[in-house]
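# dropping the sequence and predicted coords here.
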Amino acid sequence: MTIEEEIRTIQEEIDKTQKNKATMHHLGRLKAKMARLKDELIKKAMSKGGGDGGYSVKKSGDATVTLVGFPSVGKSTLINKLTDAKSEIGAYEFTTLDVIPGVMEYKDAKIQILDLPGLVKGAASGKGRGREVISVIRSCDLILMIIDVFNYQHIQVLEKELYDAGIRINQTPPDVTITKQIKGGITITSTVELSIDEETIKTVMGEYKMHNALINIREDVNIDQMIDVIRGNRVYIPSIMVINKIDLVDKEQIKMFPKDSIKISADRELNLETLRDVVYDQLGFINVYLKPQGESADMEEPLIMRRGCTVGDVCDRLHKDFRRKFRYAKVWGESAKHAGQRVGIDHSLEDQDVLTIIIQK
């Protein structure tokens with residue numbers, strides 16, 4: 001039996017099993033086994049061809065956004081309208097056969113946008129150059145999921161392909177830590193009441209041959225989330241759903257799409273300014289002003305960083321040696337307890353902070 005056949009067999013058993021407390025243990029084992037097999041399938045697809053034919057994309061700018069969608073949904077037109085890219089446009093499938101990068105300059109930020117070849121059903125397991133496309137998506141900061149207004153059903157298929165590839169859109173990592181031990185079995189501590197019982201957790205752990213560990217759970221999680229934590233290879237990326245070609249349908253047809261999706265016409269340039277705003281806001285940019293020691297801060301050209309960044313992140317952006325030579329920093333602004341507070345490399349910065357970095361000579 002092939003891996004694909006095993007996965008189908010397990011899925012059929014999951015589908016016919018009633019979901020209740022009595023079957024939780026059994027479902028946990030099935031889901032863990034299926035997740036392990038899917039990972040094997042993806043690993044096998046990624047290793048085909050000895051790694052040749054992959055996409056080499058150098059990240060640049062203040063953040064990277066990927067356009068994800070089926071062939072011929074208008075990704076090439078959109079990137080050409082938003083950026084300085086020149087992506088070939090054609091009224092047929094698979095026009096884009098490589099990754100086309102472009103840069104959107106907006107509100108002082110330089111946002112790299114990547115036009116990828118269209119995903120197809122089965123991309124997560126390597127179909128249609130899916131392994132190369134997925135590898136680029138996994139490293140981006142934001143996904144724009146482009147949906148053709150005539151193909152509502154593509155939403156579910158795209159979400160499934162991303163999920164099967166270990167990409168969790170619009171989710172945060174579960175607040176669970178697993179510390180492997182040499183002996184002692186599985187010890188579970190929790191600060192919240194759990195929906196899954198300890199025996200189910202132990203069964204899932206056993207499926208991955210983990211029999212000795214300390215598990216600390218600080219939020220209620222389901223079986224799928226627990227499997228994600230155990231695997232440790234999931235990526236959590238925000239996503240914006242973009243409905244394209246709205247100029248070709250009436251308002252009633254548009255209403256069937258999620259309210260929080262952005263409805264545009266790339267060809268007619270409808271609502272592109274709204275899309276730019278939403279992309280900028282979703283990326284969570286902040287302005288950090290640099291102040292050389294003994295001089296005034298440069299308030300004209302801020303350093304564009306991401307929300308949650310640290311002094312160390314700024315060091316990395318400025319020069320490859322700054323982190324190694326770092327002594328201390330001084331901060332003025334919202335993140336400081338007082339003006340000119342002396343802070344370390346792990347200090348978290350806020351929007352509009354002024355920063356001085358002191359390095360070894």
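Looks like it came in fine.
# how about the helices in the chain?
3-16, 24-47, 75-82, 130-138, 154-164, 198-207, 223-231, 251-254, 272-283, 311-318, 322-325 (DSSP state H).
# save those as a markdown table, and put in mean neighbour count too.
Placement of C-beta: from N, CA and C, glycine included. Formatted as a markdown table, those follow (neighbours: other C-beta atoms under 10 Å):
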| stretch | mean neighbour count |
| --- | --- |
| helix 3-16 | 13 |
| helix 24-47 | 18 |
| helix 75-82 | 24 |
| helix 130-138 | 21 |
| helix 154-164 | 18 |
| helix 198-207 | 18 |
| helix 223-231 | 20 |
| helix 251-254 | 10 |
| helix 272-283 | 16 |
| helix 311-318 | 18 |
| helix 322-325 | 14 |
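# nearest to Lys59, out of those helices?
helix 130-138 (10.0 Å; C-beta to C-beta).
# using PDB, write out the CA atom coordinates for the closest one.
Extracted C-alpha coordinates of helix 130-138, given in PDB (Å, rounded to 0.1, in the frame of the first residue of the first chain):
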ATOM      1  CA  GLY A 130       4.200  22.500  -5.600                       C
ATOM      2  CA  ARG A 131       7.300  21.700  -3.500                       C
ATOM      3  CA  GLU A 132       9.100  24.800  -4.900                       C
ATOM      4  CA  VAL A 133       6.100  27.100  -4.500                       C
ATOM      5  CA  ILE A 134       5.400  25.800  -1.000                       C
ATOM      6  CA  SER A 135       9.000  26.400   0.100                       C
ATOM      7  CA  VAL A 136       8.800  30.000  -0.900                       C
ATOM      8  CA  ILE A 137       5.500  30.600   0.800                       C
ATOM      9  CA  ARG A 138       6.800  29.100   4.100                       C
END
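# for that helix, what is the average pLDDT?
The predicted model gives helix 130-138 an average pLDDT of 80.
# need the contact list for the nearest residue to Thr177 once chain neighbours are set aside.
Nearest non-adjacent residue to Thr177, counting by C-beta to C-beta, 6 or more residues apart in numbering: Asn216, 4.9 Å away. Listed by C-beta atoms under 8 Å, 6 or more residues apart in numbering, the contact set of Asn216 reads 176-177, 179, 189-190.
# please redo it, this time with the cut-off set to 10 Å
For Asn216, the contact set (C-beta atoms under 10 Å, 6 or more residues apart in numbering) comprises 175-179, 187-191.
# that one bridge partners, please.
Beta-bridge partners of Asn216, counted by DSSP bridges, are Thr177, Thr189.
# following the record's annotation, map out the domains of the chain.
3-50+174-231, 63-171+235-283, 286-359 (automatic domain parsing).
# identify whichever of the helices of the chain lies nearest to Glu334.
helix 311-318 (14.3 Å).
# quick check: the residue nearest the centre of the chain vs Val68, distance?
Centroid-nearest residue in the chain: Ile237, 1.9 Å away (criterion: C-alpha atoms, centre = their mean). Separation of Ile237 from Val68 (C-beta to C-beta, to the nearest Å) stands at 10 Å.
# need the overlap of contacts for the two.
137, 140, 143, 162, 167, 169.
# now render those residues as CSV, adding distance to Asn80.
Below are the shared contacts of Ile237 and Val68 laid out as CSV (distance: C-beta to C-beta, whole Å):
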residue, distance to Asn80
Ile137, 20
Cys140, 19
Ile143, 19
Leu162, 24
Ile167, 26
Ile169, 25
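# which one of those residues is nearest Ser335?
Cys140 (27.0 Å).
# that closest one against Val99, yeah?
No - at 11.1 Å, Cys140 does not count as touching Val99 under the criterion of C-beta atoms under 10 Å.
# and those two? which has more neighbours close in?
Applying other C-beta atoms under 10 Å to Cys140 and Val99 shows that Cys140 carries more neighbours, namely 24 against 17.
# so who does the more buried one touch?
57, 59, 63-68, 112-114, 116, 167, 235, 237-238.
# Val176 is in contact with Gln225, correct?
Yes - taking C-beta under 10 Å as the definition, Gln225 is a contact partner of Val176 at 7.7 Å.
# who touches both of the two?
Glu219.
# need the strands for the stretch 51-200 of the chain, in chain order.
63-68, 100-106, 109-115, 142-148, 167-169, 176-180, 186-190 (DSSP state E, counting those that start in this stretch).
# how far does the third one sit from the chain's center?
Okay, so that is strand 109-115. 15 Å (C-alpha atoms, centre = their mean, to the nearest Å).
# go on, the fifth one?
A distance of 6 Å separates the centroid of the chain from that of strand 167-169, by C-alpha atoms, centre = their mean.
# the last one too?
Its chain's average C-alpha position is 29 Å from that of strand 186-190, according to C-alpha atoms, centre = their mean.
# that strand - contacts with which helices or strands?
strand 176-180, helix 198-207, strand 213-217 (3 or more C-beta pairs under 10 Å, 6 or more residues apart in numbering; DSSP states H and E).
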